[in-house]
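Novice: Structure for the following, please:
(one chain, ligands or ions: 2)
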Amino acid sequence: MGIAPSPIQIDSRVTDFIAKPRKMLIDGKWVNAVSGKTFPTYNPATGEVLAQVAEGDRADIDLAVKAARKAFDSGPWSRMTASERGKLVWKLADLLEEHMEEFATLETLDNGKPLTVARAADVPLAVDLFRYMAGWATKLEGTTIPLSVPYTPGAIYHAYTLREPVGVVGQIIPWNFPLLMAAWKLGPALASGCTVVLKPAEQTPLSALRLGELFAEAGFPDGVVNIVPGYGETAGAALAAHDLVDKIAFTGSTEVGKLIVHAATGNLKKVSLELGGKSPNVVFKDADMDAAIAGAASAIFFNHGQCCCAGSRLYVERPAFDRVVEGVASKAKKIKVGSGLDPATHMGPLVSEEQLQRVCNYLEIGMAEGAKAASGGRRIDGKGYFVEPTVLVETKDYMKVVQEEIFGPVVAAIPFDNPEELLTRANDSVYGLAAGIWTHDVSKAHRTAALLRAGTVWINCYNIFDAALPFGGYKQSGWGREMGKDVLNLYTQTKAVCTRL
Ligand code: NAI
Ligand code: MG
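Specialist: Ligands and ions are numbered 1, 2, ... in the order given. This is a model prediction of the structure:
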């Protein structure tokens, strides 16, 4: 099928995997959709169909949720010790690591990202996430609490808290890091003892479906993890609204995040959201310029700008502005854009025709509003969804390209004159996901970090992720934190137990 011509021999396990229509995982079995329908997933480097996938809808979601409910309410999973649960999650990490190359290739074919990046970042980060969370399974402890109840004088109580799993969790993930987003979601849910129905993005369902096969191999009981691929408006909406789901976790657009909140009101299921961003990356004039220029380029061009935390507003202190713009534009021009399978490629295609149109539309609007491109600015003609790495200058703060998330390799470079003005402008966004600061001045760095309204602030670095470091948004960038110990609060609930002695 539609695999880009490439100097790399594709792993036969991968070609075999995509040769057959892929089924969905419900209650430990691989099944077709109730409707019998399938949908295509595309190779974004060629625009051709890569594989056919079972198209989940309301009926399949219902079966999957009931399987997860049974596994949570009465299955062997709920009787396992925390250590046994942790061991299964660790085993899954081992299996994923053993299949590193296969997963990296699937990710490149389905999403478009360079194979070198999938090998160095996506798969190892997913492995590490599962290991980190495996360790937490045995450490979810409650507390003992001294009581002083005023209306039972003389009574003595023994009171303590338990941290229990929230139950059946629906998880809806996007296409920008398909495997890693599955790991961010599944790891803490399983460590906490929840059961899951995962809906991967329709653009990139393959790595999650391959991961599904490893759950059985690791020894997870049937129904603990169910994977239902399908479209957002159908399968996703049905999962968000399902009455037997106790919690929904979503990563994607702020627009759909709001729909999820509405859908969740029926049974008031718990909701966590990791949404969009328009993150400011701030270069002060005293920064190490080489590091700041390289960092600013990678902040926006990593993963083709398809990162919720992309450093898409580059604020530079005026005396350094020309140098930084020239430096980032020069790096942009040297980026080799091509098929992710080619080892020389730095940047692959955008994930879909729709995303290509969206990004090109923003470029047109930006230019029409008066922005200029210091590099790039156009689609790359030919097959596949390629766009030039772009540095925009001469923008105004009210422009759409400065206000809205583009989710492509497009940065607006903006000069500033003093720190007060910078903070007002950097915080002038409905989003608050991440921010970057480049300076040698430790005091200025931490003062600025405190005043930026963002869930993550990187100082003299950008896009640094670790399973132990919480990640999530202020303002309309989301509710709750992924990773670190914070995420476990989203998958557990506290039970207070009080005994009169
Ligand atoms: P999206 O928010 O529509 O898709 C994300 C996930 O939500 C997918 O699994 C999709 O099937 C599901 N979904 C869509 N509509 C749904 C609904 N009504 N109910 C339940 N689930 C639903 O994002 P899309 O359209 O792929 O990308 C649009 C924009 O969203 C991007 O340009 C970018 O700005 C932003 N985005 C942000 C991401 C992040 O990491 N925060 C990831 C992907 C997109
Ligand atoms: Mg695809």
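
Novice: near ligand 1, which residues of the protein show up?
Specialist: 172-174, 176, 199, 201-202, 231-233, 236-237, 240, 251-253, 256, 259-260, 274-276, 308, 358, 405, 407 (C-beta under 6 Å from any ligand atom). The way it works is simple: take the backbone N, C-alpha and C, and place the C-beta from them, glycine included.

Novice: Just the buried residues of the residues you listed.
Specialist: 172-174, 176, 199, 201-202, 232, 236-237, 240, 251-253, 256, 259-260, 274-276, 308, 405, 407 (16 or more other C-beta atoms under 10 Å).

Novice: In helices, which of those residues appear?
Specialist: Within those, membership in helices is found for 237, 240, 256, 259-260, as judged by DSSP state H.

Novice: would you turn those residues into CSV with pLDDT?
Specialist: Shown next, in CSV, are these (pLDDT from 0 to 100):
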residue, pLDDT
237, 98
240, 98
256, 98
259, 98
260, 98
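
Novice: could you pull out the strands for the stretch 351-500 of the chain?
Specialist: Ranges of strands in the stretch 351-500 of the chain, per DSSP state E, counting those that start in this stretch, are 372-375, 390-393, 410-416, 431-432, 434-438, 456-459, 474-475, 478-479, 492-500.

Novice: Which of those has the highest mean neighbour count?
Specialist: Each of the strands of the stretch 351-500 of the chain was scored by mean neighbour count; the highest is strand 434-438, a mean of 28, by mean count of other C-beta atoms under 10 Å.

Novice: beta partners of residue 199?
Specialist: Per DSSP bridges, the residues bridged to residue 199 are residue 172.

Novice: and the residue positioned nearest the centre of the chain, what element?
Specialist: When C-alpha atoms, centre = their mean is applied to the chain, the residue found nearest the centroid is residue 181 (4.4 Å). Take DSSP states H and E as the rule and residue 181 turns out to sit in helix 178-192.

Novice: Next one: that helix, is it in contact with ligand 2?
Specialist: No - legend: contact between helix 178-192 and ligand 2 by C-beta under 5 Å from the ion is lacking; minimum distance shown is 8.8 Å.

Novice: other SSEs contacting that helix?
Specialist: Where contact means 3 or more C-beta pairs under 8 Å, 6 or more residues apart in numbering; DSSP states H and E, helix 178-192 is packed against helix 82-98, helix 100-111, helix 123-136, strand 168-172, strand 195-199, helix 206-218, strand 247-251, helix 488-491.

Novice: Could you report the neighbour count for the residue lying closest to residue 243 once chain neighbours are set aside?
Specialist: Closest residue in space to residue 243, ignoring its immediate chain neighbours: residue 267 at 4.6 Å, by C-beta to C-beta, 6 or more residues apart in numbering. When counting by other C-beta atoms under 10 Å, one arrives at 11 neighbours for residue 267.

Novice: if I look at residue 267, how far off is residue 229?
Specialist: 24 Å (C-beta to C-beta, to the nearest Å).

Novice: What of residue 223?
Specialist: Distance from residue 223 to residue 229, by C-beta to C-beta: 18 Å.

Novice: These two: which has the busier surroundings?
Specialist: residue 229 (29 against 26).

Novice: so that one touches residue 56, yeah?
Specialist: Yes - taking contacts as C-beta atoms under 8 Å, residue 229 lies within contact range of residue 56: 5.7 Å.

Novice: check contacts around residue 251.
Specialist: 172-174, 181, 184-185, 273-275, 308, 482 (C-beta atoms under 8 Å, 6 or more residues apart in numbering).

Novice: Residue 452: which of the helices and strands packed on helix 178-192 is closest?
Specialist: Closest approach to residue 452 among these (C-beta to C-beta): strand 247-251, 22.0 Å.

Novice: quick one: average confidence on the closest one?
Specialist: For strand 247-251, the mean per-residue pLDDT is 98.

Novice: Same question for stretch 292-304.
Specialist: 98.

Novice: Quick check: buried residues in it?
Specialist: Residues of stretch 292-304 classed as buried: 292-293, 295-304 (neighbour count, 16+ other C-beta under 10 Å).

Novice: Make a markdown table from those and add secondary structure to it.
Specialist: Shown next, in a markdown table, are those (DSSP: H, G, I helix; E, B strand; the rest coil):
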| residue | secondary structure |
| --- | --- |
| 292 | helix |
| 293 | helix |
| 295 | helix |
| 296 | helix |
| 297 | helix |
| 298 | helix |
| 299 | helix |
| 300 | helix |
| 301 | helix |
| 302 | helix |
| 303 | helix |
| 304 | helix |
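
Novice: Nice, that's everything, thank you.
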